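> below are the sequence and a predicted model for it; my questions follow.
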Amino acid sequence: MAHNNIPPIDPRSGFCKSDSIFYSKRKPIPLPPNDSLDVTTFISSQAHPGKIAFIDASTARHLTFAEVWMAVDSVASSLFSMGIRKGHVILLLSPNSIFFPIVCLSVMSLGAIITTTNPLNTTREIAKQIADSNPVLAFTTPQLIPKLADSNLQIVLIGGDQNPPNSKIVTTLEDMMKKQPSESRVKERVTQDDTATLLYSSGTTGASKGVVSSHRNLIGMVQTILSRFNLEAGYQTFICTVPMFHIYGLAAFATGLLASGSTVVVLSRFEMDEMLSAIGKYRATYLPLVPPILIAMVNGADQIRRKYDLGTLQSVLSGGAPLSREVIEGFAERYPTVGILQGYGLTESTGIGASTDSLEESRRYGTAGLLSPSMEAKIVDPDTGEALQVNRTGELWLRGPTVMKGYFSNVEATASTLDSEGWLRTGDLCYIDDDGFIFVVDRLKELIKYKGYQVPPAELEALLLTHPDIADAAVIPFPDREVGQFPMAYVVRKGGSDLSENDVMDFVAKQVAPYKRIRRVAFVDSIPKNPSGKILRKDLIKLATSGSRL
């Protein structure tokens, strides 16, 4: 963006009338001018006085920053001698561990590409990702080897002392980390535009797709993270509760925070008691989580405060879905010394696209926050393509240094998501208010079309959650010949409640327009959600239309 003749930007909302773009109100992030730079080198070149980089919450084993960088150098050297080169794809199938970052950073330092997958995925889902991304090598743990049984991939074992009798296992990460880095290795030139990661987006709309992120995207995200947590002022201790195979976990906890000198305490899997114990044990200051965990902390506050020492905790970071007013107020009341920060992002935006960076900002109830540094936004009318102004609802488009290069070998999907000017269509219906705060109204693709009216499921879900006998709810479109689709609710009753289908329908009918009424209710024990807390509507739609039971 040329800064010599900038069109007038409204300082309150960040909106510019002449180009209909919202500009971030945060201080722009500095991006390194040197084009020949990989994200690993960029992170390792940040000076800070931090000592311990990663701690394993359950064993207390830790890695200092010096050990991390030595290990990265050794593993990269070993990979190079195994013939791994720039552009090769490496699969990482592992739960969170203190070694996860070492694999990622080593691979990316060579200009090779890391593709991660969810350890809970089925063998079939993993095989599909392997067929699509075509990796040349896999890193995995002894427990997860069976999930690669159908592939011919050579395997490097993470953890596990001895080599199990398996011809596919070529070496262990432990052995690679012991190797002296080769002095004679000629490093290939890696540029900021080269691909660094290939993460498969949760695919809430259609099939899962490989998201191609460049070294520049990740460097931009590192800078965003450092500015967001004011980490220049001193380092912090974070509990890593989110999966590292997910963009949020990979960008922040496996890579970004290393640049700040902060300590990351790694939970291999999420367990409430282990998470809360780790806060006191390791004197954690920041706790990232998804809304269901935060709600559990509000509901169990008395017991939690009696049993655990949360004295060092300064902030919780919530992502995945916006928090309601009740939850924010309830948390602030029960944990008065802990701030709440929220974030909004997509795999396609390499993590944080908007965030609230203080409790005051989070008190704009329902907001996803202000645009991240150096990020631009448009609100576009999905029907006319017109760019809208302040307080008008349309699809959120984002553009900035962290927006992906595209979908892996999928020209059509890329063209329908990224336009020629670099705008990413998020698929989220949003508006931006007078002060530049983004509010997500709903997913564009998930709108229920009732007789041509658009019904946002999120609105009905929020309403259902205000009922005293409802613990959780999801609303889906149910196909109907006469009206097209009507809203159907899946409801989780609170313990001991005998809430009926009619009770639910009447409760909603009194509060919404006739076309938004819920016309069918099913009671379930739990609502299926992905690791970041998003409702798996596809699964519920399948369930509703097949007539089977959850």
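Alright, I've got the coordinates.
> hmm, which helix or strand of this structure has the shakiest average pLDDT?
Least confident helix or strand of the chain, by mean pLDDT, DSSP states H and E, is strand 453-455 with a mean of 75.
> what does that strand contact?
447-449, 487, 515-516 (CB atoms under 8 Å, 6 or more residues apart in numbering). For every residue, glycine as well, the C-beta is placed using N, CA and C.
> what helices and strands are in contact with the helix or strand just after it?
The C-terminal neighbour of strand 453-455 among helices and strands, as given by DSSP states H and E, is helix 457-464. If contacts are counted by 3 or more CB pairs under 8 Å, 6 or more residues apart in numbering; DSSP states H and E, helix 457-464 sits against strand 437-443, strand 470-480, strand 484-493, helix 501-509.
> out of those, nearest to I328?
strand 437-443 (14.0 Å; CB to CB).
> who are the packing partners of that closest one?
strand 367-371, strand 424-432, helix 457-464.
> out of those, which gets nearest to S208?
Proximity to S208 (CB to CB) singles out strand 424-432 among the helices and strands packed on strand 437-443, at 14.6 Å.
> what does the average pLDDT come to for that closest one?
Here strand 424-432 scores 94 as its mean pLDDT.
> buried set for the longest helix anywhere in the chain?
Ranked by residue count and defined by DSSP state H, the top helix of the chain is helix 65-81. Buried residues in helix 65-81, counted by 16 or more other CB atoms under 10 Å: 65, 67-80.
> one more: stretch 418-434?
Buried residues in stretch 418-434, counted by 16+ other CB under 10 Å: 418, 423-432.
> could you do stretch 9-26 as well?
Under 16+ other CB under 10 Å, the buried positions of stretch 9-26 are 9, 13-16, 21-26.
> re the thing from before, list the pairing partners of the least confident helix or strand of the chain within its sheet, with orientation.
The pairing partners recorded for strand 453-455 under DSSP bridges are strand 448-450 (antiparallel).
> average pLDDT for the strand it pairs with?
Here strand 448-450 scores 82 as its mean pLDDT.
> just give me how far it sits from the chain centre.
How far strand 448-450 lies from its chain's middle: 29 Å, per CA atoms, centre = their mean, to the nearest Å.
> farthest pair within the buried residues of stretch 418-434?
Maximum pairwise distance among the buried residues of stretch 418-434 (CB to CB): 22.5 Å, between L418 and Y431.
> related to what we said a few turns ago, going by contacts, tell me the helices and strands next to the longest helix of the chain.
Counting contacts by 3+ CB pairs under 8 Å, 6+ apart, helix 65-81 packs against helix 39-44, strand 52-56, helix 100-109, helix 173-178.
> let's see 6 Å
helix 100-109, helix 173-178 (3 or more CB pairs under 6 Å, 6 or more residues apart in numbering; DSSP states H and E).
> identify the residues contacting stretch 139-153?
For stretch 139-153, contacts defined as CB atoms under 6 Å, 6 or more residues apart in numbering pick out 92-94, 103, 119, 123, 126-127, 130, 138, 156, 158-160.
> with only the CA atoms kept, save that stretch in PDB.
Only the C-alpha atoms of stretch 139-153 are listed here, as PDB (Å, rounded to 0.1, in the frame of the first residue of the first chain):
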ATOM      1  CA  PHE A 139       7.300 -38.800  11.800                       C
ATOM      2  CA  THR A 140       5.000 -40.600  14.300                       C
ATOM      3  CA  THR A 141       4.800 -42.200  17.700                       C
ATOM      4  CA  PRO A 142       4.800 -46.000  18.400                       C
ATOM      5  CA  GLN A 143       1.100 -45.900  19.400                       C
ATOM      6  CA  LEU A 144       0.100 -44.300  16.000                       C
ATOM      7  CA  ILE A 145       2.100 -46.600  13.700                       C
ATOM      8  CA  PRO A 146      -1.000 -48.700  12.900                       C
ATOM      9  CA  LYS A 147      -2.600 -45.700  11.400                       C
ATOM     10  CA  LEU A 148       0.100 -45.600   8.700                       C
ATOM     11  CA  ALA A 149      -0.200 -49.400   8.100                       C
ATOM     12  CA  ASP A 150      -1.700 -48.900   4.600                       C
ATOM     13  CA  SER A 151       1.000 -46.500   3.400                       C
ATOM     14  CA  ASN A 152       4.500 -47.300   2.100                       C
ATOM     15  CA  LEU A 153       6.000 -44.400   3.900                       C
END
